[in-house]
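Q: Have a look; sequence and predicted model below, questions after that.
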Amino acid sequence: MKTILHKAADRGTADYGWLHANYYFSFSQYHHPEKVHFGLLRVLNDDIIDGGGGFPTHPHDNMEIVTIPLSGALAHKDSTGGEGLIKAGDIQIMSAGTGVEHSEFNASKTEAANLFQVWLFPKLRNITPRYDQRTFKIEGRLNQWQMVVSPLEEDKALWINQDARFSLTKIEAGKSISYNNGFSGNGVYLVVINGTVQVNENQLGKRDALGIWDTDHFTIIANETAELLAIEVPMGL
């Protein structure tokens with residue numbers, strides 16, 4: 001089992017006025033030669049969008065983009081004709097494929113919204129662009145993994161154009177949970193949303209992340225009640 005620790009305090013940051021961004025990997029104005037990607041995971045941004053702020057219409061192609069609101073809600077509109085709200089508890093996925101344009105704005109004029117935006121390299125290029133979105137019950141992840149994104153039919157999650165899986169859990173203090181890869185040989189990028197946990201000798205706090213590979217199984221112990229996101233991805237580019 002190999003690991004790489006990315007502490008929250010070591011993330012790249014940028015303040016655009018309406019957007020306060022934290023970058024786990026090189027993105028926009030932030031570049032770190034040792035933090036460009038983790039396997040096929042290319043982008044993980046922890047964004048805070050002020051009330052009334054947002055991303056105007058912009059293009060994407062050949063990227064799998066997953067949006068995970070942590071608080072607040074986003075108003076979304078795209079060139080495929082889709083539009084609506086994404087709120088905490090929802091997961092949205094976009095296969096940009098041959099190309100799509102979209103916008104995302106804070107649905108509130110006064111309250112900030114916080115979200116993770118995640119980009120993965122696709123398995124198949126130049127597919128027809130597609131969106132999907134689903135609401136997942138928070139209680140469905142208590143002391144167990146709630147699969148939210150996966151191409152495996154048995155996971156009953158949002159489909160992704162990659163051999164990758166996203167899952168969420170909330171572990172109560174003093175309890176442990178094991179993770180088993182859905183795809184042998186994949187790595188897992190584990191992000192602590194809140195709380196503190198231990199993975200082997202690694203102590204992780206709020207917004208710390210741990211890349212784990214060369215194993216298909218590991219165990220997490222919650223030092224205090226903790227919320228976690230596990231992003232399982234192929235390791236080869």
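A: The structure has been received and is ready for your questions.
Q: From now on I want contacts and neighbour counts done on CA atoms only, so please keep to that.
A: OK.
Q: which residues touch Pro129?
A: Applying C-alpha atoms under 8 Å, 6 or more residues apart in numbering to Pro129 gives the contacts Thr80, Met94, Ser95, Ala96, Gly97, Thr98, Gly99, Val100.
Q: and which of those residues is nearest Ala112?
A: Met94 (23.2 Å; C-alpha to C-alpha).
Q: What's the separation between the closest one and Thr169?
A: 23 Å (C-alpha to C-alpha, to the nearest Å).
Q: what do you get for Thr98?
A: Distance from Thr98 to Thr169, by C-alpha to C-alpha: 33 Å.
Q: So between those two, which is more surrounded?
A: Thr169 (23 against 14; other C-alpha atoms under 10 Å).
Q: May I have the phi/psi pair for that one?
A: phi -150, psi 160 (degrees, to the nearest 10).
Q: List the residues that contact it.
A: Thr169 sits in contact with Arg141, Leu142, Asn143, Gln144, Trp145, Gln146, Glu227, Leu228, Leu229, where contact means C-alpha under 8 Å, 6+ apart.
Q: Over to Glu224?
A: Glu172, Ala173, Gly174, Gly195, Thr196, Val197.
Q: For the nearest residue to the fifth one once chain neighbours are set aside, give me the pLDDT.
A: Right, the one you point to is Thr196. Closest residue in space to Thr196, ignoring its immediate chain neighbours: Gly205 at 4.4 Å, by C-alpha to C-alpha, 6 or more residues apart in numbering. On pLDDT, Gly205 comes in at 98.
Q: count of residues packed around Gly205?
A: Applying other C-alpha under 10 Å, I find that Gly205 has 20 neighbouring residues.
Q: Equivalent analysis for Asn202, please.
A: As a burial measure, Asn202 scores 13 neighbours (other C-alpha under 10 Å).
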